[in-house]
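Visitor: Sequence below, structure please.
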Amino acid sequence: MTTTYTSYKLITADLTRSLERVSAKPDVARETEYYLSKIGSITTIDDFFADNRLYNYVMKAHGLEDMAYAKAFMRKVLTEGIDSDDAFANKLADSRYKALVESLNFARHGETATSFERAQKGVVDKYTRQTLEQSAGEENTGVRLALYFERMAPMIANGYEIIADEALAQVVRTALQLPEEFAAADVDHQAQAYEAAIDFKDFKDPQKLAAFLDRFTALWEINNSTDGYDPLAVFGSSSGYGISPDLLLSINNLKLGGS
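Guide: Residues are numbered from 1 along each chain as shown. Below is the predicted model:
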């Protein structure tokens, strides 16, 4: 049996090769070839939205497939850019919209927006990574969550950013062994608990991030396994992360929706 921990390790042991295998798949290679052949000729936002194949490629690359239908919303995101504090994307809690603008910044660069590497190879790399994560998720949701967290965690600056992204929050709740009910607690209390339990600078350290994800994948397997297998026994349960007894008591005393 291949566990969550083992599957995640197999993919990340040689991530470059894993990504190369994904990019070589016929459907991925076909869509990527089309994207690279067309994106450089796109000079306006109107041009971009007129080509559904390009548009859908970019949306998937940024993990926004579920918002592909909302073209008026996405047009506002791209039109306003990110240079102003009042720009629409800067007001959204979800960082994926800002990342999309950074890839295709028509508001800043106009007709040359698609000529930059971040708009071409950068988007292709994002598309390949998204496809890898989605494919992994078809076999094991925990592996997809771990891959996503590995990619996003170095950018986490505070507890509120975890709360704003349910995938990140699910990983953290699992790794810290928090009850599902904790997600319904007062937002400020949640953020304080995360910030007390985790030094977010650790996620910028590959070794510390790996240790955190080792813990997550093992605990995910325990929580979702039907055979009683304990993958924590493979490498020990100590990871340097956890909720202190005092903090756990405080969390357990929280009233849902308030203090």
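Visitor: now for this structure, which residue lies nearest the mean position of the chain?
Guide: In the chain, the residue lying closest to the centroid (CA atoms, centre = their mean) is Y148, at 4.0 Å.
Visitor: That one contacts A136, correct?
Guide: No: using CB atoms under 8 Å, Y148 makes no contact with A136, being 9.5 Å away. The C-beta positions use only the backbone N, C-alpha and C, and glycine is treated the same way.
Visitor: Give the residue spans of the stretch 151-259 of the chain that score low on pLDDT.
Guide: 225-259 (pLDDT under 70).
Visitor: Report how many residues lie close to A113.
Guide: The number of residues packed near A113 is 24, by other CB atoms under 10 Å.
Visitor: distance of it from G81?
Guide: As judged by CB to CB, to the nearest Å, A113 and G81 stand 10 Å apart.
Visitor: what is in contact with those two at once?
Guide: Listed contacts common to A113 and G81 are N105, F106; contacts here mean CB atoms under 8 Å, 6 or more residues apart in numbering.
Visitor: Between the two ends of stretch 34-42, how far is it?
Guide: One end of stretch 34-42 sits 13 Å from the other (CA to CA, to the nearest Å).
Visitor: contacting residues around it?
Guide: For stretch 34-42, contacts defined as CB under 8 Å, 6+ apart pick out 47-48, 51, 53-54, 57-58, 114-115, 119-120, 123-124, 127.
Visitor: ok, Q120 - contacts?
Guide: So Q120 contacts L36, I39, G40, T114 (CB under 8 Å, 6+ apart).
Visitor: Check the gap between it and R215 for me.
Guide: 37 Å.
Visitor: got it, and I198?
Guide: Taking CB to CB, one finds I198 at 12 Å from R215.
Visitor: mind giving me the domain ranges of the protein?
Guide: If you go by automatic domain parsing, the domain ranges for the chain are 4-125, 159-252.
Visitor: neighbour count winner among I198 and R215?
Guide: More neighbours surround R215 than the other of I198 and R215, with 25 against 20 (other CB under 10 Å).
Visitor: From the contact counts, what lies against the helix or strand containing that one?
Guide: In the assignment (DSSP states H and E), R215 maps to helix 206-224. Packing partners of helix 206-224 (3 or more CB pairs under 8 Å, 6 or more residues apart in numbering; DSSP states H and E): helix 4-13, helix 141-152, helix 166-175.
Visitor: mind checking which of the ones you listed is nearest R21?
Guide: Judged by CB to CB, the one of these that comes nearest to R21 is helix 4-13, at 9.8 Å.
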